[in-house]
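Chemist: Sharing a model that was predicted from the sequence below.
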Amino acid sequence: MYRLMRYAARRRPWSPLLERTRPRLYNIYLYRQMGGAATSRGISFTSGAKILAKIVRVPAAAGGAVVAGIAYVNYQVQEAANYTQKKIDEATDWITGTASSVKDGIESLSTPEWLKGLLGSTTSEGQQRSHSERDEGSSHDTASQETAKQKSSNENGDGGGDEAALTGMAAAAATATMSDDDAEERVAATNAQMMLLTRKMIEIRNILQEISTGGGSRSLTRVQLPSIVVIGSQSSGKSSVLEAIVGHEFLPKGNNMVTRRPIELTLINSPDAAAEYGDFPALKLGKITDFAQIQRTLTDLNLAIPDSEAVSDDPIRLNIYSPHVPDLTLIDLPGYIQIAAADQPETLKSKIMALCDKYIAAPNIIVAISAADVDLANSTALRAAKRIDPRGERTIGVITKLDLVDPSRAVELLQNRSYPLQMGYVGVVSKVPSSFASRTSSGLLSRFSGFADGGDIGSAIAKNEEAYFGRHPVLTRALIDADGTGQQQVSLGVINLRNKLMHILERTMAKNLQPACDAIHQELEETTYQFKVEYNDRPLTAESYLAQSLDSFKLSFKEFAGKFGREQVRAMLKSELDQRVLDLLAQRYWNRLDEEPDLSVATIDDTTIKSVLRPVSELPSAPLEDVYWHRQLDACVSSLTKSGVGRTSTTLVSNALSGEMEHLVNSGAFKTHPYVKTIVQDATMEILNSRFYSTADQVENCIKPYKYEVEVEDREWTKSREHAFALLKEELRQCEAAYYKLQRSSGGAKKLSQVEKFVEKSCKGLVKTEDANEIYGFSQALIDKGREGLFLTKRADILRLRMQALKSKQCKSKDSKYYCPEVFLDVVADKLTQTAVLFLNVELLSDFYYHLPRELDTRLGHGLGPEKMESFAKENAKVRRHLELQERKQKLELAAEKIESVIAMQKTRRLQSA
Ligand SMILES: Nc1nc2c(ncn2[C@@H]2O[C@H](COP(=O)(O)OP(=O)(O)OP(=O)(O)O)[C@@H](O)[C@H]2O)c(=O)[nH]1
């Protein structure tokens, strides 16, 4: 049919048939044929409060309060007559709880590493200690380090390890006498216990957070382990306080409301960490030791929220690992505003309020920041806290910028009686001192590296506070009788604040421990049951799923390779060359120019054609020595052998292989995995492309001899004679089918016959073409169909004629090749095919079958990292569900194990206290 189209296209537009692209359809047909195809807090936590106060408030008061404590004792001596015995008792209590412990704490070097750094740099008393004290201290240092080491090794082990270590610590503490050394050991052990408990609880909270993020859970919604949430108006000093606690400047700064999303900050005390660093778990950026980089990332993440929205409740999670931070979870929120700016949404004020309200809900601990230079009655943070926590049970009031108001005014503020808080108020001067900035004049980055005495901005601020509170002893009045009843605690300094937060977090988390444990167990039971029922406890990993999928793909690939071999390539290539032979026959033999209608669009000069082409009807009777027919056949053979068989055959096989690979990835194990599909397709193309040119060249070289001479054997002739006949028969069938279709589209056989006669007459000049419509009622479209009909009729006649010739005696012998060009050209096409297939099989097919599975093993087996492997596995909805349920069960088991170990620690502490 193809040659019908080509012929017609040469003579005139032939659009309906031209749309039929035979080779493509035929190939598709061939491929398919081949099958291509944390109860209330336990005694230990409350009764241990005094011990803890000694331990933790020590450093709490250590910074600024050491001076304040000494000043307070002097003040007591001077004003003693004015106080009742009751007051003195209260004061003594307070001293026991703060000032004495301040001293103990300062002298005690059994404090955690993160506190020692600060205390060392903030306590001038400490600096003036005698060498012997230092020596004593250094031995305590060692004790502390051992404790820290023990803690660290516990953390590396499992929950049972923690418990055993802590039981050991508790036992050591239980057998201790009350000598100073023993007391210090006890302090160290308790400190380590508290740090470890807090950390464990933070870990549990994080695990539960991940589980809740992964999907709704009825039992887990009841589990609430608290975080510390920092709220305050814009520029009230929230960031400065947080940075003082962390010891680094890392939060976004700027006038254009740069805190737009909640920043969930988890501080992880890491005594053994070689360097302080942060990481954003959700971003998978790895360890970031440059805090300026952390600040830039936070700024970018915040500013990604457009001005038109201004705030978002999507939190940014940041973990900071350092030996100088306590285990804490802190959440920084956008600052409250009074009025939205022109480019901000009008609803911004209420949006921020709603976001903060969401975060300060129970059981979270509220750190309400208010600047001393703003009337506390106007403190949005305190008003919001009062609204959500009216009894002031979960709120710590932080008054910043104490240095900006007169000390007597600061005292009034710290004694805020309008909103009494059970956890009290803390006054701070959290601005980074200018001396610090000037000593690190090279800017932000240099601050991060710390200066001279190893201080960070935390120690610089603490030193500055110590000096300020030392200059203003009147502030200590606030420490004694904050609310006139001795009930409300007031402390000074960032260090106090930091310890208080740590203490409160541990206490609040402990209260929630047992209910959390119960809920985790309930959820674990449900999940375990579900996993058993749905997946029969069958473990699955992304890796094993990938391996299975790859195996299954390789199996389909092997099946395909078994079906698509040398024979199939031969059939495909022969079919292609058959079409070329038919095209050549149509061009050089199947013309009857003497009877041909005058088709209007001629692309070559008719005279030339007439002088070159002779009707094929003359062929059987042409003299044997007729050069015309010799030249015609030689030209056809030359065209066929020089038609680029190397490139054509290589392209055919490459297309067949890449098409089949596409079919396999779209229908097999990888059908729901777009990323892996691309990998398979890329590997396929790379292998095929790398062999394309060499294969094509090899084939071309090997068929070269046929360009000069083709020798035919009798059996080859016989076989080709049969094949040529079958080929013409199929061509005739297609021709007749096309004619039948044309009849139906022209209004029937009769109508088409009338139009054909008109076209014939018009060619002979018997009728005028312009009369077609007016006189005969034939539209131009009908005339075109008439021409096409005539062409098909004559082509069918020629084909019948040639079939007869092939059957005749004349075509029986190979000696009659010039009379039977169809047979001789088939012999040539067959020889070209056989030779090409030999090389295609070795150079392309076998090579591809060997290399593709190995290439996939490399790219998929070892080439995919764990993350890509997981995302690959989760592309399959069923596998995703299986993996997620399994992960949920594993996380719950881990949470249950951790929470049980924390509860066991609690029990050990109770026994120890008893
Ligand atoms: N004098 C003095 N200035 C302070 C103190 N604390 C913070 N500042 C300054 O107050 C300004 C605002 O402090 P930030 O910590 O950025 O306040 P913020 O609440 O985080 O501000 P936004 O993030 O914009 O809401 C900065 O210039 C600080 O240096 C302080 O105790 N004393």
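Modeler: Arrived safely, thanks for sending.
Chemist: Show me which residues of the protein sit near the ligand.
Modeler: Counting by C-beta under 6 Å from any ligand atom, the chain comes close to the ligand at 232, 234-240, 259, 335, 400-401, 403-404, 428-431. (Each C-beta comes from the backbone N, C-alpha and C, glycine too.)
Chemist: who's sitting farthest from the centroid in this protein?
Modeler: In terms of distance from the mean C-alpha position of the chain, Pro623 ranks first, at 79.0 Å (C-alpha atoms, centre = their mean).
Chemist: Got the confidence number for that one?
Modeler: Here, the pLDDT recorded for Pro623 equals 90.
Chemist: my read is it is in a strand, agree?
Modeler: No: Pro623: not assigned to a strand; according to DSSP: H, G, I helix; E, B strand; the rest coil it is coil.
Chemist: what sits against Pro620?
Modeler: Residues counted as contacts of Pro620 (C-beta atoms under 8 Å, 6 or more residues apart in numbering) are 805, 808, 810, 819.
Chemist: For it, give its distance to Leu801.
Modeler: The spacing between Pro620 and Leu801, counted by C-beta to C-beta, to the nearest Å, is 9 Å.
Chemist: Can you list the residue ranges for strands in the chain?
Modeler: For the chain, the strands defined by DSSP state E cover 228-232, 263-269, 277-279, 316-322, 328-332, 365-371, 395-400, 425-427, 490-492.
Chemist: the inter-axis angle of the fourth one versus strand 263-269?
Modeler: Between the axis of strand 316-322 and that of strand 263-269 there is an angle of 20 degrees, by axes from the mean of the first three to the mean of the last three C-alpha atoms, to 10 degrees.
Chemist: got the CA positions of strand 316-322 in PDB?
Modeler: C-alpha atoms of strand 316-322 as PDB (Å, rounded to 0.1, in the frame of the first residue of the first chain):
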ATOM      1  CA  ILE A 316      10.100  25.100  61.400                       C
ATOM      2  CA  ARG A 317      11.800  22.400  63.500                       C
ATOM      3  CA  LEU A 318      15.400  23.100  64.500                       C
ATOM      4  CA  ASN A 319      17.600  20.900  66.800                       C
ATOM      5  CA  ILE A 320      20.700  22.400  68.500                       C
ATOM      6  CA  TYR A 321      23.300  20.100  69.900                       C
ATOM      7  CA  SER A 322      25.900  21.600  72.300                       C
END
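Chemist: could you give the mean pLDDT of it?
Modeler: Strand 316-322 shows a mean pLDDT of 90.
Chemist: angle of that strand against strand 328-332?
Modeler: 140 degrees.
Chemist: on contacts alone, who are the packing partners of strand 316-322?
Modeler: On a contact count with 3 or more C-beta pairs under 8 Å, 6 or more residues apart in numbering; DSSP states H and E, strand 316-322 meets strand 263-269, strand 277-279, helix 291-303.
Chemist: go with 7 Å
Modeler: Secondary-structure packing of strand 316-322 (3 or more C-beta pairs under 7 Å, 6 or more residues apart in numbering; DSSP states H and E): strand 263-269, strand 277-279.
Chemist: Over to the first one?
Modeler: When contacts are defined as 3+ C-beta pairs under 7 Å, 6+ apart, strand 228-232 sits against helix 238-246, strand 328-332, strand 365-371, helix 380-388.
Chemist: Recalculate using a threshold of 8 Å.
Modeler: Using 3+ C-beta pairs under 8 Å, 6+ apart: strand 228-232 touches helix 238-246, strand 328-332, helix 348-359, strand 365-371, helix 380-388, helix 494-511.
Chemist: rewinding a little: lowest average confidence across the helices and strands packed on strand 316-322, which one?
Modeler: strand 263-269 (a mean of 87).
Chemist: Each with direction, which strands does that one pair with?
Modeler: Strand 263-269 sits in its sheet next to strand 316-322 (parallel), strand 328-332 (antiparallel), going by DSSP bridges.
Chemist: got a list of contacts for that strand?
Modeler: With C-beta under 8 Å, 6+ apart as the test, strand 263-269 has contacts from 112-114, 195, 199, 202, 206, 227, 242, 245-246, 251, 298, 315-323, 325-333.
Chemist: Report the inter-axis angle for that strand versus helix 238-246.
Modeler: Going by the same axes, to 10 degrees, strand 263-269 is angled at 20 degrees with respect to helix 238-246.
Chemist: I'd say Leu577 and Leu825 touch.
Modeler: No: with contacts defined as C-beta atoms under 8 Å, Leu577 does not count as touching Leu825, sitting 9.1 Å away.
Chemist: The residue in the stretch 501-650 of the chain positioned nearest to the ligand - nearest residue in space that isn't next to it in sequence?
Modeler: Proximity of the stretch 501-650 of the chain to the ligand (C-beta to the nearest ligand atom) peaks at Leu501, 16.8 Å away. Leaving out its chain neighbours, the residue that sits closest to Leu501 by C-beta to C-beta, 6 or more residues apart in numbering is Ile228, at 5.6 Å.
Chemist: Could you report the separation of the one you found from Asn512?
Modeler: Counting by C-beta to C-beta - Ile228 and Asn512 are separated by 14 Å.
Chemist: how many neighbours does Glu713 have?
Modeler: Close neighbours of Glu713, defined as other C-beta atoms under 10 Å, add up to 10.
Chemist: next one: the one 3 residues further on
Modeler: The local packing count at Glu716 equals 17, with neighbours defined by other C-beta under 10 Å.
Chemist: gap between the two ends of stretch 766-785?
Modeler: Stretch 766-785 has an end-to-end distance of 20 Å (C-alpha to C-alpha, to the nearest Å).
Chemist: hang on, the earlier thing: didn't the residue of the stretch 501-650 of the chain closest to the ligand look like it was pressed against Met423?
Modeler: No: with contacts defined as C-beta under 8 Å, Leu501 does not count as touching Met423, sitting 9.5 Å away.
Chemist: What is the neighbour count of Asn378?
Modeler: Other residues close to Asn378 by other C-beta under 10 Å number 11.
Chemist: quick one, what contacts it?
Modeler: For Asn378, the contact set (C-beta under 8 Å, 6+ apart) is empty.
Chemist: distance of it from Ser236?
Modeler: Using C-beta to C-beta, Asn378 is found at 11 Å from Ser236.
Chemist: now Asn666
Modeler: Counting by C-beta to C-beta, the gap from Asn666 to Ser236 is 60 Å.
Chemist: Same drill for those two, tell me which one is more crowded.
Modeler: Using other C-beta under 10 Å, the more surrounded residue of Asn666 and Ser236 is Ser236, with 27 against 10.
Chemist: my guess is the more buried one meets Ile337, correct?
Modeler: No: the pair Ser236 / Ile337 is not scored as a contact, 11.3 Å apart, by C-beta under 8 Å.
Chemist: Residue of the stretch 601-750 of the chain nearest the ligand, please.
Modeler: For the stretch 601-750 of the chain, C-beta to the nearest ligand atom, closest residue to the ligand: Tyr675, 40.9 Å.
Chemist: count of residues packed around that residue?
Modeler: Neighbour count of Tyr675, defined by other C-beta under 10 Å: 12.
Chemist: Next up, the contacts around it.
Modeler: Residues counted as contacts of Tyr675 (C-beta under 8 Å, 6+ apart) are 868, 871-872, 875.
Chemist: hang on, the earlier thing: how about TSV for the strands of the chain, with distance to Leu355 added?
Modeler: Output for those, formatted as TSV (distance: least, C-beta to C-beta, whole Å):
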stretch	distance to Leu355
strand 228-232	10
strand 263-269	12
strand 277-279	23
strand 316-322	13
strand 328-332	11
strand 365-371	14
strand 395-400	18
strand 425-427	24
strand 490-492	29
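Chemist: Brilliant, that's me finished.
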